[in-house]
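[1] sequence and predicted structure below; questions after.
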Amino acid sequence: MAASPSAKDENLSNKELKYGLALAFTAAFLFSTKPIIIKWLYSLGMSAIPLMGLRMLIALPIYLVIGIYLWRKMETKPDGLTLLRAAAVGLLGYYMASLLDLSGLEYVSAQLERLMLYAYPSMVVILGAIFFGAKVGRSVIPALVLTYAGLGVMYGHDLEIAPPGTSDADITKGTLLILGSALSFSLFILFSKRGIAELGSLFFTCISMGSATLATLIHYGIAEGATLPAMDATLWVGTLVLAILVTVVPSFMVSGAIKRIGPAKASVSGTIGPVLTTIMAIIFLGEPFGWAAVLGMSLVMLGVSRLK
(Lines give C-alpha, C1' and ligand atoms only; values in the text may rest on other atoms or scores of the structure.)
Protein backbone atom coordinates (compact mmCIF):
# COMPACT_ATOMS: atom_id res chain seq x y z
CA MET A 1 0.00 0.00 0.00
CA ALA A 2 1.40 3.39 -1.01
CA ALA A 3 2.23 5.84 1.73
CA SER A 4 -0.14 8.78 2.09
CA PRO A 5 1.10 12.32 1.27
CA SER A 6 1.04 13.19 4.98
CA ALA A 7 3.19 10.16 5.81
CA LYS A 8 5.66 11.14 3.10
CA ASP A 9 5.77 14.69 4.45
CA GLU A 10 6.34 13.37 7.96
CA ASN A 11 9.15 11.08 6.79
CA LEU A 12 10.75 13.95 4.90
CA SER A 13 10.43 16.14 7.96
CA ASN A 14 12.06 13.49 10.15
CA LYS A 15 14.90 13.10 7.68
CA GLU A 16 15.41 16.85 7.56
CA LEU A 17 15.39 17.01 11.36
CA LYS A 18 17.97 14.23 11.68
CA TYR A 19 20.19 15.73 9.00
CA GLY A 20 19.88 19.22 10.51
CA LEU A 21 20.78 17.93 13.97
CA ALA A 22 23.71 15.96 12.54
CA LEU A 23 25.02 19.13 10.93
CA ALA A 24 24.56 21.11 14.15
CA PHE A 25 26.28 18.51 16.35
CA THR A 26 29.21 18.07 13.96
CA ALA A 27 29.65 21.83 13.74
CA ALA A 28 29.56 21.99 17.54
CA PHE A 29 32.34 19.38 17.75
CA LEU A 30 34.53 21.26 15.28
CA PHE A 31 33.84 24.57 17.01
CA SER A 32 34.75 22.97 20.35
CA THR A 33 38.32 22.49 19.11
CA LYS A 34 38.69 26.18 18.22
CA PRO A 35 39.73 27.58 21.62
CA ILE A 36 42.19 24.70 22.09
CA ILE A 37 43.92 25.40 18.77
CA ILE A 38 43.88 29.17 19.34
CA LYS A 39 45.31 28.96 22.87
CA TRP A 40 47.99 26.58 21.57
CA LEU A 41 48.90 29.01 18.77
CA TYR A 42 49.00 31.86 21.29
CA SER A 43 51.46 29.84 23.38
CA LEU A 44 53.71 29.62 20.30
CA GLY A 45 53.77 33.40 19.89
CA MET A 46 50.77 34.13 17.67
CA SER A 47 48.43 37.00 18.57
CA ALA A 48 44.75 37.70 17.85
CA ILE A 49 44.77 40.11 14.89
CA PRO A 50 47.39 38.31 12.74
CA LEU A 51 45.74 34.96 13.46
CA MET A 52 42.30 36.26 12.53
CA GLY A 53 43.63 37.87 9.34
CA LEU A 54 45.46 34.75 8.16
CA ARG A 55 42.56 32.50 9.11
CA MET A 56 40.16 34.47 6.94
CA LEU A 57 42.64 34.96 4.10
CA ILE A 58 43.24 31.20 3.85
CA ALA A 59 39.49 30.49 3.90
CA LEU A 60 38.58 33.16 1.32
CA PRO A 61 39.48 31.23 -1.89
CA ILE A 62 37.20 28.37 -0.86
CA TYR A 63 34.24 30.69 -0.41
CA LEU A 64 35.02 32.50 -3.66
CA VAL A 65 35.12 29.29 -5.71
CA ILE A 66 31.89 27.95 -4.22
CA GLY A 67 30.18 31.33 -4.43
CA ILE A 68 31.07 31.86 -8.12
CA TYR A 69 29.93 28.33 -8.95
CA LEU A 70 26.57 28.86 -7.23
CA TRP A 71 26.12 32.31 -8.83
CA ARG A 72 26.57 30.87 -12.31
CA LYS A 73 24.01 28.14 -11.62
CA MET A 74 21.33 30.61 -10.50
CA GLU A 75 18.52 31.12 -13.02
CA THR A 76 17.33 34.24 -11.18
CA LYS A 77 20.06 36.40 -9.70
CA PRO A 78 19.43 38.03 -6.31
CA ASP A 79 19.21 41.81 -6.25
CA GLY A 80 21.82 44.08 -4.74
CA LEU A 81 19.85 44.81 -1.57
CA THR A 82 19.56 41.09 -0.77
CA LEU A 83 23.31 40.65 -1.23
CA LEU A 84 24.02 43.74 0.87
CA ARG A 85 21.85 42.43 3.72
CA ALA A 86 23.70 39.09 3.67
CA ALA A 87 27.04 40.90 3.70
CA ALA A 88 25.98 43.06 6.67
CA VAL A 89 24.78 40.02 8.63
CA GLY A 90 28.10 38.34 7.91
CA LEU A 91 29.93 41.20 9.60
CA LEU A 92 28.05 40.38 12.80
CA GLY A 93 28.64 36.64 12.78
CA TYR A 94 32.03 36.16 11.19
CA TYR A 95 33.90 39.43 11.72
CA MET A 96 32.71 41.06 14.93
CA ALA A 97 32.01 37.83 16.81
CA SER A 98 35.37 36.36 15.75
CA LEU A 99 37.31 39.51 16.59
CA LEU A 100 35.85 39.73 20.10
CA ASP A 101 36.26 35.99 20.66
CA LEU A 102 39.92 35.79 19.62
CA SER A 103 40.72 38.94 21.59
CA GLY A 104 39.02 37.56 24.70
CA LEU A 105 40.86 34.24 24.46
CA GLU A 106 44.12 36.07 25.11
CA TYR A 107 42.91 36.57 28.70
CA VAL A 108 40.57 33.74 29.76
CA SER A 109 40.67 29.96 29.80
CA ALA A 110 39.37 27.84 26.94
CA GLN A 111 36.79 26.38 29.36
CA LEU A 112 35.27 29.77 30.23
CA GLU A 113 35.31 30.92 26.61
CA ARG A 114 33.46 27.86 25.32
CA LEU A 115 30.89 27.98 28.13
CA MET A 116 30.12 31.65 27.50
CA LEU A 117 29.65 31.06 23.79
CA TYR A 118 27.56 27.99 24.57
CA ALA A 119 25.20 30.24 26.53
CA TYR A 120 24.34 32.34 23.47
CA PRO A 121 20.93 30.63 23.02
CA SER A 122 19.81 32.63 26.06
CA MET A 123 20.57 35.77 24.08
CA VAL A 124 18.85 34.34 20.99
CA VAL A 125 15.67 33.86 23.03
CA ILE A 126 15.77 37.38 24.48
CA LEU A 127 16.67 39.12 21.22
CA GLY A 128 14.14 37.04 19.30
CA ALA A 129 11.42 38.32 21.61
CA ILE A 130 12.64 41.91 21.22
CA PHE A 131 13.15 42.04 17.45
CA PHE A 132 10.74 39.42 16.12
CA GLY A 133 8.06 39.16 18.79
CA ALA A 134 8.90 35.52 19.49
CA LYS A 135 6.93 33.99 22.34
CA VAL A 136 8.83 33.42 25.58
CA GLY A 137 7.79 30.52 27.79
CA ARG A 138 7.48 30.66 31.57
CA SER A 139 10.61 28.56 32.00
CA VAL A 140 12.83 31.22 30.40
CA ILE A 141 13.47 33.35 33.51
CA PRO A 142 14.63 30.48 35.76
CA ALA A 143 16.63 29.12 32.82
CA LEU A 144 18.35 32.49 32.43
CA VAL A 145 19.07 32.62 36.18
CA LEU A 146 20.68 29.16 36.03
CA THR A 147 22.68 30.04 32.92
CA TYR A 148 24.16 33.27 34.18
CA ALA A 149 24.71 31.95 37.69
CA GLY A 150 26.79 29.20 36.10
CA LEU A 151 28.76 31.74 34.10
CA GLY A 152 29.38 33.68 37.30
CA VAL A 153 30.78 30.55 38.97
CA MET A 154 33.04 29.88 35.97
CA TYR A 155 34.21 33.49 36.00
CA GLY A 156 35.20 33.07 39.65
CA HIS A 157 36.95 29.81 38.75
CA ASP A 158 39.00 31.63 36.11
CA LEU A 159 39.98 34.30 38.63
CA GLU A 160 41.33 31.56 40.91
CA ILE A 161 43.28 29.64 38.25
CA ALA A 162 44.65 32.67 36.36
CA PRO A 163 48.26 32.04 35.27
CA PRO A 164 51.05 34.28 36.56
CA GLY A 165 50.98 37.69 34.94
CA THR A 166 47.23 37.63 34.33
CA SER A 167 45.35 40.06 36.57
CA ASP A 168 41.71 40.07 37.66
CA ALA A 169 41.22 43.02 35.31
CA ASP A 170 42.54 40.90 32.43
CA ILE A 171 40.06 38.11 33.22
CA THR A 172 37.21 40.62 33.42
CA LYS A 173 38.24 42.20 30.12
CA GLY A 174 38.38 38.82 28.41
CA THR A 175 35.00 37.83 29.84
CA LEU A 176 33.33 41.00 28.56
CA LEU A 177 34.91 40.58 25.13
CA ILE A 178 33.59 37.05 24.77
CA LEU A 179 30.14 38.01 26.05
CA GLY A 180 30.18 40.63 23.31
CA SER A 181 31.10 37.88 20.85
CA ALA A 182 28.17 35.77 22.03
CA LEU A 183 25.82 38.75 21.62
CA SER A 184 27.09 39.43 18.10
CA PHE A 185 26.70 35.78 17.09
CA SER A 186 23.19 35.68 18.57
CA LEU A 187 22.19 38.60 16.35
CA PHE A 188 23.75 36.78 13.40
CA ILE A 189 21.69 33.64 14.12
CA LEU A 190 18.47 35.67 14.19
CA PHE A 191 19.09 37.90 11.19
CA SER A 192 20.61 35.16 9.02
CA LYS A 193 17.33 33.26 8.69
CA ARG A 194 15.95 35.67 6.07
CA GLY A 195 19.16 35.67 4.07
CA ILE A 196 19.36 31.87 4.08
CA ALA A 197 15.77 31.66 2.88
CA GLU A 198 16.47 34.14 0.06
CA LEU A 199 19.89 32.92 -1.07
CA GLY A 200 20.20 29.35 0.17
CA SER A 201 22.54 28.33 2.98
CA LEU A 202 25.67 27.80 0.87
CA PHE A 203 25.52 31.04 -1.12
CA PHE A 204 24.50 33.04 1.96
CA THR A 205 27.55 31.68 3.80
CA CYS A 206 29.83 32.61 0.88
CA ILE A 207 28.53 36.19 0.83
CA SER A 208 28.61 36.66 4.60
CA MET A 209 32.08 35.12 4.95
CA GLY A 210 33.32 37.18 2.01
CA SER A 211 32.25 40.45 3.62
CA ALA A 212 33.71 39.36 6.96
CA THR A 213 37.01 38.48 5.29
CA LEU A 214 37.18 41.89 3.60
CA ALA A 215 36.54 43.64 6.94
CA THR A 216 39.14 41.44 8.65
CA LEU A 217 41.82 42.18 6.03
CA ILE A 218 41.14 45.92 6.27
CA HIS A 219 41.45 45.66 10.06
CA TYR A 220 44.66 43.64 9.71
CA GLY A 221 46.15 46.15 7.28
CA ILE A 222 45.42 49.04 9.63
CA ALA A 223 46.73 47.22 12.71
CA GLU A 224 49.67 45.29 11.28
CA GLY A 225 50.49 46.81 7.89
CA ALA A 226 50.97 44.84 4.68
CA THR A 227 53.55 42.38 6.04
CA LEU A 228 52.87 38.82 7.17
CA PRO A 229 54.00 37.75 10.65
CA ALA A 230 57.09 35.54 10.98
CA MET A 231 55.81 31.97 11.17
CA ASP A 232 57.39 28.52 11.22
CA ALA A 233 55.85 25.33 9.80
CA THR A 234 54.03 24.50 13.05
CA LEU A 235 52.26 27.86 13.12
CA TRP A 236 51.26 27.52 9.47
CA VAL A 237 49.83 24.02 9.98
CA GLY A 238 47.87 25.14 13.04
CA THR A 239 46.53 28.19 11.20
CA LEU A 240 45.51 26.06 8.19
CA VAL A 241 43.61 23.65 10.44
CA LEU A 242 41.91 26.57 12.17
CA ALA A 243 40.97 28.19 8.86
CA ILE A 244 39.57 25.14 7.07
CA LEU A 245 38.39 22.52 9.57
CA VAL A 246 37.34 24.95 12.29
CA THR A 247 36.09 27.86 10.14
CA VAL A 248 35.03 26.89 6.61
CA VAL A 249 33.50 23.48 7.29
CA PRO A 250 31.40 24.32 10.39
CA SER A 251 30.25 27.67 8.93
CA PHE A 252 28.52 25.81 6.09
CA MET A 253 27.18 23.26 8.56
CA VAL A 254 25.62 25.95 10.78
CA SER A 255 23.87 27.59 7.83
CA GLY A 256 22.59 24.21 6.66
CA ALA A 257 21.33 23.35 10.14
CA ILE A 258 19.51 26.68 10.50
CA LYS A 259 17.83 26.15 7.14
CA ARG A 260 16.58 22.68 8.10
CA ILE A 261 15.71 22.95 11.80
CA GLY A 262 15.56 26.69 12.51
CA PRO A 263 17.78 28.94 14.67
CA ALA A 264 16.39 27.83 18.05
CA LYS A 265 17.07 24.09 17.58
CA ALA A 266 20.38 24.81 15.85
CA SER A 267 21.56 26.98 18.74
CA VAL A 268 20.63 24.48 21.46
CA SER A 269 21.98 21.40 19.66
CA GLY A 270 25.62 21.95 20.56
CA THR A 271 25.37 20.45 24.05
CA ILE A 272 28.56 18.47 23.49
CA GLY A 273 30.64 21.61 22.97
CA PRO A 274 31.53 22.63 26.55
CA VAL A 275 32.23 19.06 27.63
CA LEU A 276 34.54 18.36 24.69
CA THR A 277 36.35 21.67 25.08
CA THR A 278 36.85 21.07 28.81
CA ILE A 279 38.26 17.59 28.23
CA MET A 280 40.64 18.84 25.55
CA ALA A 281 41.65 21.88 27.63
CA ILE A 282 42.62 19.63 30.53
CA ILE A 283 44.49 17.12 28.33
CA PHE A 284 46.20 19.38 25.80
CA LEU A 285 46.49 22.75 27.57
CA GLY A 286 46.89 21.55 31.15
CA GLU A 287 44.11 23.85 32.40
CA PRO A 288 43.05 23.22 36.03
CA PHE A 289 39.64 21.70 36.63
CA GLY A 290 37.75 21.43 39.91
CA TRP A 291 34.34 21.37 41.56
CA ALA A 292 33.70 25.02 40.75
CA ALA A 293 34.10 24.24 37.06
CA VAL A 294 31.79 21.22 37.39
CA LEU A 295 29.15 23.36 39.12
CA GLY A 296 29.44 26.23 36.65
CA MET A 297 29.24 23.97 33.61
CA SER A 298 26.30 22.02 35.06
CA LEU A 299 24.32 25.19 35.79
CA VAL A 300 24.91 26.65 32.33
CA MET A 301 24.06 23.43 30.52
CA LEU A 302 20.95 22.94 32.63
CA GLY A 303 19.86 26.52 32.05
CA VAL A 304 20.36 26.36 28.28
CA SER A 305 18.54 23.03 28.08
CA ARG A 306 15.47 24.60 29.74
CA LEU A 307 15.16 27.45 27.27
CA LYS A 308 11.95 27.25 25.25
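    Thanks, I have it.
[2] the helices in the stretch 1-150 of the chain, which residues?
    Assigned by DSSP state H, counting those that start in this stretch, the stretch 1-150 of the chain shows helices spanning 5-32, 34-43, 48-73, 80-90, 97-104, 110-118, 120-132, 140-161.
[3] quick one, which of the ones you listed is packed in tightest?
    Mean neighbours per residue, mean count of other CB atoms under 10 Å, is largest over the helices of the stretch 1-150 of the chain for helix 110-118, with a mean of 28. From N, CA and C alone the C-beta is placed, and that goes for glycine too.
[4] please tell me how far the nearest residue to residue 101 once chain neighbours are set aside sits from residue 102.
    The spatial neighbour of residue 101 that comes closest, neighbours along the chain excluded (CB to CB, 6 or more residues apart in numbering), is residue 181 at 4.1 Å. Distance, residue 181 to residue 102, using CB to CB, to the nearest Å: 9 Å.
[5] again with residue 128
    26 Å.
[6] picking up where we left off before, among the helices of the stretch 1-150 of the chain, show the one with the smallest mean pLDDT.
    Between the helices of the stretch 1-150 of the chain, the lowest average pLDDT goes to helix 5-32, which shows a mean of 75.
[7] can you give me the end-to-end distance of stretch 221-239?
    18 Å (CA to CA, to the nearest Å).
[8] can you list the buried residues in it?
    Using 16 or more other CB atoms under 10 Å as the test for burial, stretch 221-239 gives 231, 235, 238-239.
[9] quick check: mean pLDDT across it?
    88.
[10] how about the helices of the stretch 1-150 of the chain in CSV, adding distance to residue 188?
    Formatted as CSV, those follow (distance: least, CB to CB, whole Å):
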stretch, distance to residue 188
helix 5-32, 14
helix 34-43, 16
helix 48-73, 16
helix 80-90, 6
helix 97-104, 7
helix 110-118, 12
helix 120-132, 10
helix 140-161, 19
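[11] which one of the ones you listed lies closest to residue 204?
    helix 80-90 (5.4 Å; CB to CB).
[12] packing partners for the closest one?
    On a contact count with 3 or more CB pairs under 8 Å, 6 or more residues apart in numbering; DSSP states H and E, helix 80-90 meets helix 168-199, helix 201-224.
[13] and those, which one's lowest on average pLDDT?
    Looking across the helices and strands packed on helix 80-90, the weakest by mean pLDDT turns out to be helix 201-224, at a mean of 90.
[14] about what we covered before: make JSON lines from the helices and strands packed on helix 80-90 and add distance to residue 290 to it.
    Formatted as JSON lines, these follow (distance: least, CB to CB, whole Å):
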{"stretch": "helix 168-199", "distance to residue 290": "16"}
{"stretch": "helix 201-224", "distance to residue 290": "37"}
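[15] hmm, back to that, identify those among the buried residues of stretch 221-239 that sit within helices.
    235, 238-239 (DSSP state H).
[16] from those, pick the one nearest residue 272.
    The closest of these, once distances to residue 272 are taken by CB to CB, is residue 238, at 22.8 Å.
[17] these two touch, right, the closest one and residue 40?
    Yes. At 6.6 Å, residue 238 counts as touching residue 40 under the criterion of CB atoms under 8 Å.
[18] which residue is the nearest non-sequential neighbour of residue 192?
    Closest residue to residue 192 apart from its sequence neighbours, by CB to CB, 6+ apart: residue 89 at 5.3 Å.
[19] make that residue 254, sorry
    residue 27 (5.1 Å).
[20] wait, doesn't that neighbour sit right on residue 257?
    Yes. When contacts are counted by CB under 8 Å, residue 27 is listed as touching residue 257 (6.7 Å).
[21] quick revisit: neighbours of the residue nearest to residue 101, how many?
    Number of residues near residue 181 (other CB atoms under 10 Å) recorded here: 24.
[22] and what of residue 203?
    Number of residues near residue 203 (other CB under 10 Å) recorded here: 24.
[23] same thing with residue 165?
    The burial count for residue 165: 6, using other CB under 10 Å.
[24] ok, it - contacts?
    Residues near residue 165 by CB atoms under 8 Å, 6 or more residues apart in numbering: none.
[25] hmm, residue 50 is touching residue 229, no?
    Yes. Between residue 50 and residue 229 there is a contact under CB under 8 Å: 4.5 Å.
[26] returning to what we had before: so which of the helices of the stretch 1-150 of the chain comes closest to residue 274?
    helix 110-118 (4.9 Å).
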